[in-house]
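J.: need the 3D shape of this:
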Amino acid sequence: MEKSKIKVEKIRKIEKLEYLNSFIIEYTGKDNAIRNWELVSRSKIDRLENEIFNNKSYSDGVMIFACNRERTKLVILKEFRVSAGKYLYTLPAGLVDNDEEIEVAAIREFKEESGLDIEIVSIEKERYTSVGIINEKVSVAYGYFSGTPSKEFQEASEDAEIEIIDRDRAINILKNEEISMRTALLIENFFQINKFINNKTE
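T.: Got it, this is the predicted structure:
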């Protein structure tokens, strides 16, 4: 296993989180029994109440899908993720700072993580990353990259190699490497790799 300069020291259980809030959502099942759903959030209770009771929607961050103008290559990161204790492939992404616009956040995060510039073409509305234990939502920004990859702007908490991959490399990553589900699905779609979805028998 490849070693990172970032090292997980130990795991411990805590009652109060520093950066996340924990909630119990009380609900009535189909049998009229009262049940509880445990959830964590980056935000406070007012946002969660607005989402559930007022159908409001918020974006916590942005994921950046950047390709060349010929649409033959894609920027991807091989990043050490503390929560997994290993490297895995992900698209560049980051949190929105305060009331920052999604496009501004996308340009900033892309530069910080890859050293590259991006021309944003479109931004999709925010969607849930998982609805099991967290109410996090992110938007996806699509565009064209330019420049030379660099780790110069990465923070001390980040350990990521920048790769510009083609279809063959994408197939290899999907087959042999750890990769996040969201990244895998977008890559499969972009390079038309999924045999079932693209109705291919090769």
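
J.: in the top helix by length along the chain, what's buried?
T.: The longest helix of the chain (DSSP state H) is helix 102-114. Using 16 or more other C-beta atoms under 10 Å as the test for burial, helix 102-114 gives 102, 105-111, 113-114. Bear in mind the C-beta positions are built from the backbone N, C-alpha and C, glycine included.

J.: and if you look at stretch 193-202?
T.: For stretch 193-202, using 16+ other C-beta under 10 Å, the buried residues are Ile193.

J.: name the helices or strands packed onto the helix or strand following the longest helix of the chain?
T.: Moving toward the C-terminus from helix 102-114, the next helix or strand (DSSP states H and E) is strand 117-123. Strand 117-123 sits against strand 61-67, helix 102-114, strand 137-146, with contacts defined as 3 or more C-beta pairs under 8 Å, 6 or more residues apart in numbering; DSSP states H and E.

J.: now do strand 117-123: distance to the chain's middle.
T.: The chain centroid and the centroid of strand 117-123 are separated by 17 Å, computed with C-alpha atoms, centre = their mean, to the nearest Å.

J.: what's the closest of the buried residues of helix 102-114 to Phe80?
T.: Nearest to Phe80, judged by C-beta to C-beta, of the buried residues of helix 102-114 is Glu113 at 12.7 Å.

J.: ok, and the closest non-adjacent residue to the closest one?
T.: Pro92 (4.4 Å; C-beta to C-beta, 6 or more residues apart in numbering).

J.: the one you found: what's it in contact with?
T.: Contact analysis of Pro92 by C-beta atoms under 8 Å, 6 or more residues apart in numbering lists 63-64, 66, 75, 77, 109-110, 113-114.

J.: again, only this time at 7 Å
T.: 64, 75, 77, 109-110, 113-114 (C-beta atoms under 7 Å, 6 or more residues apart in numbering).

J.: chain center to the strand or helix carrying Trp37: distance?
T.: Secondary structure assigned from DSSP H and E places Trp37 in strand 34-41. In terms of C-alpha atoms, centre = their mean, the centre of strand 34-41 is found 23 Å from the chain centre.
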